[in-house]
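*Asks:* sequence unknown, structure follows:
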Ligand code: DX5
Ligand code: ZN
């Protein structure tokens with residue numbers, strides 16, 4: 001029920017969702033030979049956004065998928081597709097990803113020479129606009145674009161691979177972003193990506209993150225539906241402990 005409300009709101013306005021926790025299963029750790037089944041299981045477990053990692057072997061040392069897989073996913077699920085572009089020259093591919101069915105597009109601050117223009121490009125094609133920062137990039141570097149984005153994605157591992165350990169300083173970055181949002185009365189949401197699992201999700205939520213990407217914790221071992229349910233339950237419990 002909650003998942004349904006969240007999905008409907010996400011399609012109308014990011015503003016309505018501020019403070020709500022959403023789980024975004026990352027297909028990077030899924031069994032690609034059974035992708036639709038894996039996605040359906042994660043959605044049944046409460047996943048309400050599908051995180052799609054796009055890597056080009058240049059910006060990050062790994063290669064994953066492109067628009068054709070996004071188009072297939074679009075037919076397999078109705079939840080928003082959150083495309084995290086870890087690629088050089090994203091402007092060249094953004095329209096194609098959106099045509100293929102991406103609802104949200106995020107680009108790395110580090111990959112965009114003309115970040116302002118790239119964010120405008122995403123907006124002009126009708127997708128939700130996200131900006132991503134690597135672990136070594138300070139949140140202050142986003143100061144001039146925070147009013148242009150629907151969400152900020154904090155990388156809590158080095159981008160490129162699933163199953164890495166959460167970098168603790170990411171919590172400070174989440175807290176700073178929440179402070180900046182409050183101080184400037186903005187309404188972007190904070191997404192966190194990397195090492196989010198049962199042992200870290202509580203702190204991540206208490207720091208202020210609202211969209212939780214989880215690959216290995218959902219698809220790594222066991223049943224994705226149960227894994228998603230368990231992780232979301234832990235996240236919801238942590239929201240009750242937020243001070
Ligand atoms: C890493 C990707 C992540 C990855 C996270 O570059 O951006 O989305 O799937 O994987 P876990 O949750 O396993 O750390
Ligand atoms: Zn990602």
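*Replies:* Sure thing, it's come through. As the structure is a prediction and not an experimental result, all values here were calculated from the model. Ligands and ions are numbered 1, 2, ... in the order given.
*Asks:* What residues of stretch 133-147 count as buried?
*Replies:* Within stretch 133-147, the residues scored as buried using 16 or more other C-beta atoms under 10 Å are 133, 134, 137, 139, 142, 145, 146. In short, each C-beta sits where N, CA and C put it, glycine included.
*Asks:* Hmm, I typed the wrong one, I wanted stretch 160-177.
*Replies:* 160, 161, 162, 166, 167, 170, 171, 173, 174, 175, 176, 177.
*Asks:* Pipe the buried residues of stretch 133-147 into CSV and attach distance to residue 213, secondary structure and pLDDT per row.
*Replies:* Converted to CSV, these look like this (distance: C-beta to C-beta, whole Å; DSSP: H, G, I helix; E, B strand; the rest coil; pLDDT from 0 to 100):
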residue, distance to residue 213, secondary structure, pLDDT
133, 14, strand, 99
134, 15, coil, 99
137, 17, coil, 98
139, 18, helix, 98
142, 18, helix, 98
145, 21, helix, 98
146, 20, helix, 98
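*Asks:* Just the closest residue of the chain to ligand 2, please.
*Replies:* Residue of the chain nearest ligand 2, by C-beta to the ion: residue 84 (3.8 Å).
*Asks:* that older thread, quick one: which of the buried residues of stretch 160-177 is nearest to residue 21?
*Replies:* Of all the buried residues of stretch 160-177, residue 21 sits closest to residue 174, with 13.1 Å by C-beta to C-beta.
*Asks:* Rounded mean pLDDT for stretch 198-218, please.
*Replies:* Across stretch 198-218, pLDDT averages out at 98.
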